[in-house]
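J.: can't give you the sequence, but here's the structure:
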């Protein structure tokens, strides 16, 4: 049953330093018809106390606690509880502009499409903007097919493999789920999310603020399991398009795989074991 216009899913793990700013940005949204689903993925710090304080004050915050299963598992749990027509994801150490949901929602309505994507601002621990990534060429909305989005990402034009920074029709995630216990979970579902979309709207505003942390999952030192998850993701992508005999996307997938794996090796080669190399 649809009860809200938008469900925002926030997976939480060990972010007591950041969760307040994240939740503050969500309860301040100009579009009020939203539910905020906060899934505490087994945090052992004071994150839950902060969540509880917000849940007592704001009725649209739904708080859940699960055993630690990783970000993919937490998002999947959030999806099982979502009652919105559209789904959004915000990581608990990030925050968003007050018009974030409203602008993406309006873009969906105006263009009658299933996915709306915005640009991002990358910030450091001192809130200094270190980089910006825009998903349009000009300061206006742009429309693409899902296949065009995939090809642009594979060719390195945009960073669109993240679940966050977008709003999705909930029907896309009716059956689709994130892989559990793996890193790069966004990249595993990226093709499935976009491939069959006739129209995706990209808006010019950079209104999602991504915190680049030294101690985040993507900032920690090399781990063998991370490496194997990364390789497996590329194998699955290549096998998928090869099985479909999709020559249009198979070539850029292979090219992108080679480019990113060379970069991965350059960054981590000194500490990688021979089998992974």
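T.: Looks like it came in fine. The structure presented is a predicted model; accordingly, all values stated were derived computationally and were not measured.
J.: low-confidence ranges in the stretch 1-150 of the chain?
T.: 1 (pLDDT under 70).
J.: which residues of it fall in strands?
T.: According to DSSP state E, counting those that start in this stretch, the stretch 1-150 of the chain carries its strands in the segments 4-12, 34-41, 61-66, 84-89, 95-96, 115-123, 129-133, 142-144.
J.: Listing partners with orientation, what would you give for the shortest one?
T.: So that's strand 95-96. Counting by DSSP bridges, the strands paired with strand 95-96 are strand 200-211 (antiparallel).
J.: The last one too?
T.: On the basis of DSSP bridges, the sheet neighbours of strand 142-144 come out as strand 200-211 (antiparallel).
J.: Next, the angle strand 129-133 makes with the partner strand.
T.: Put simply, strand 200-211 runs at 170 degrees to strand 129-133, going by axes from the mean of the first three to the mean of the last three Cα atoms, to 10 degrees.
J.: roughly how far out does strand 200-211 sit from the chain middle?
T.: Distance of strand 200-211 from the chain centroid (Cα atoms, centre = their mean, to the nearest Å) equals 12 Å.
J.: Check this protein for its longest helix and report it.
T.: Longest helix of the chain, by residue count under DSSP state H: helix 247-268.
J.: Can you tell me which helices and strands that helix packs against?
T.: helix 146-154, helix 224-243 (3 or more Cβ pairs under 8 Å, 6 or more residues apart in numbering; DSSP states H and E). No exception for glycine: its C-beta is placed from N, CA and C like everyone else's.
J.: Specify the angle between that helix and helix 224-243 in degrees.
T.: Using the same axes, to 10 degrees: helix 247-268 against helix 224-243 is 160 degrees.
J.: Enumerate the positions of helix 247-268 that are buried.
T.: 249, 250, 252, 253, 254, 256, 257, 264, 268 (16 or more other Cβ atoms under 10 Å).
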